[in-house]
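> sequence unknown, structure follows:
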Ligand SMILES: [Zn+2]
């Protein structure tokens, strides 16, 4: 993991911080005697990750500011190009720079806030990058 690259390191650290906040019960008391971390179902693992990711993105990209900046960026780019996917990717890069958070996370936050569709997120961010 490229921890030396601030936009990725900040994302990783924020997500780990959110695990500590969200899973306080387990961290505080430990798992119940009969439970093992690997006894979680796949769905429980997914839920734990999705919750931490969502909270992490909410902290890194304050909602009102993110919506304004993202919409302004897309509006500006659409004046010079009709290629919406390229405009979305360019805004991902612009916001990575502005917020110092990896553009993949910009894509997820824009998706979560309904600024782009799930398909646009996959096409322009998550399917193009290895996590
Ligand atoms: Zn995690």
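Looks like it came in fine. Keep in mind that what you see is a predicted model, and the values were worked out from it rather than measured.
> got the contact list for residue 125?
Contact partners of residue 125, counting by Cβ atoms under 8 Å, 6 or more residues apart in numbering, are 89, 92, 103-104, 106-108. No exception for glycine: its C-beta is placed from N, CA and C like everyone else's.
> could you give me the average pLDDT of stretch 45-52?
For stretch 45-52, the mean pLDDT works out to 90.
> what comes up buried for the host helix or strand of residue 65?
Secondary structure from DSSP states H and E places residue 65 in helix 63-78. For helix 63-78, the neighbour count (16 or more other Cβ atoms under 10 Å) marks 66-67, 69-70, 73-74, 77 as buried.
> got the angle for the following helix or strand past it vs helix 63-78?
Using DSSP H and E, the helix or strand that follows helix 63-78 in sequence is helix 84-99. Interaxial angle, helix 84-99 versus helix 63-78 (axes from the mean of the first three to the mean of the last three Cα atoms, to 10 degrees): 130 degrees.
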